[in-house]
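Asker: got a structure for you, letters missing:
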């Protein structure tokens, strides 16, 4: 497992920024997957978002091999979602020709033991990592966020697999929205 994490760290550093000056720093209370998200600038067009909470998700097929259950499986479990984002249309948003900020990101997901659901996994903890494409749109103090991309998932027993489409949709209330002053 340490080899897997060692391969992921350089990619996070790539997405974590090269120049400084991004204007936004946000703390959001998310509604759809209840949690709190903290997004902070790491560069002119890059941010790091850390989101923790209790959410729902489907099962990763290769992580429940011990019990061999089939059909739709879902669970409610604590999670940690870390994304290194690179926004690529901020000039269009600031000029008013676009309303949504678009980004590419590297995403790391960690799920803890289930609270409820019909998933019986080999291990209580699962992780996933992968690239994602997404958008973020602000409506006054509210933010709509969505992303889509493939993930490589694994657990501590050595079970792993690929999921070609992993999506996220969230709606959250911004607790603060501080604009940094540029010199």
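Answerer: All right, it came through fine. Remember, it's a predicted structure, so these values are computed and weren't measured experimentally.

Asker: Just the buried positions in the longest strand anywhere in the chain, please.
Answerer: Using DSSP state E, we find that the single longest strand of the chain is strand 160-179. Buried residues in strand 160-179, defined by neighbour count with 16 or more other Cβ atoms under 10 Å: 160, 163, 166, 168, 170, 172, 174. For every residue, glycine as well, the C-beta is placed using N, CA and C.

Asker: give me the element residue 93 is part of.
Answerer: Assigned by DSSP states H and E, residue 93 belongs to helix 90-95.

Asker: That helix - what's its average pLDDT?
Answerer: For helix 90-95, the mean pLDDT works out to 82.

Asker: If the nearest residue to residue 112 once chain neighbours are set aside is in a bridge, with which residues?
Answerer: Excluding the flanking residues, the one nearest residue 112 by Cβ to Cβ, 6 or more residues apart in numbering is residue 78, at 4.1 Å. Counting by DSSP bridges, residue 78 forms beta bridges with residue 54.

Asker: Count the neighbours of residue 78 for me.
Answerer: Neighbours of residue 78 under the rule other Cβ atoms under 10 Å: 15.

Asker: How about the contacts made by it?
Answerer: Applying Cβ atoms under 8 Å, 6 or more residues apart in numbering, we find residue 78 in contact with 52-54, 111-113, 115.

Asker: looking at these, which has the most residues close by?
Answerer: Neighbour tally across the contacts of residue 78 (other Cβ under 10 Å): the maximum, 24 neighbours, falls on residue 111.

Asker: correct me, but that one touches residue 53?
Answerer: No - under the criterion of Cβ atoms under 8 Å, residue 111 makes no contact with residue 53, lying 11.2 Å away.

Asker: Overlap of the contact sets of these two?
Answerer: Taking Cβ under 8 Å, 6+ apart as the criterion, residue 111 and residue 53 both touch 78-79.

Asker: what's the helix or strand for the residue most central in space within the chain?
Answerer: The centroid of the chain falls nearest to residue 81 when counting by Cα atoms, centre = their mean (4.4 Å). In the assignment (DSSP H and E), residue 81 maps to strand 74-87.

Asker: and the angle from that strand to strand 160-179?
Answerer: With axes from the mean of the first three to the mean of the last three Cα atoms, to 10 degrees applied, the angle from strand 74-87 to strand 160-179 works out at 60 degrees.

Asker: Which stretches in the protein count as helices?
Answerer: All helices of the chain, identified by DSSP state H, fall at 2-15, 90-95.

Asker: quick one on the thing from earlier: contacting residues for the residue nearest to the centre of the chain?
Answerer: Per Cβ under 8 Å, 6+ apart, neighbours of residue 81: 49-52, 107-110, 168.

Asker: which of the residues you listed count as buried?
Answerer: Burial by neighbour count, judged by 16+ other Cβ under 10 Å, picks out 49, 51-52, 107-110, 168 from the contacts of residue 81.
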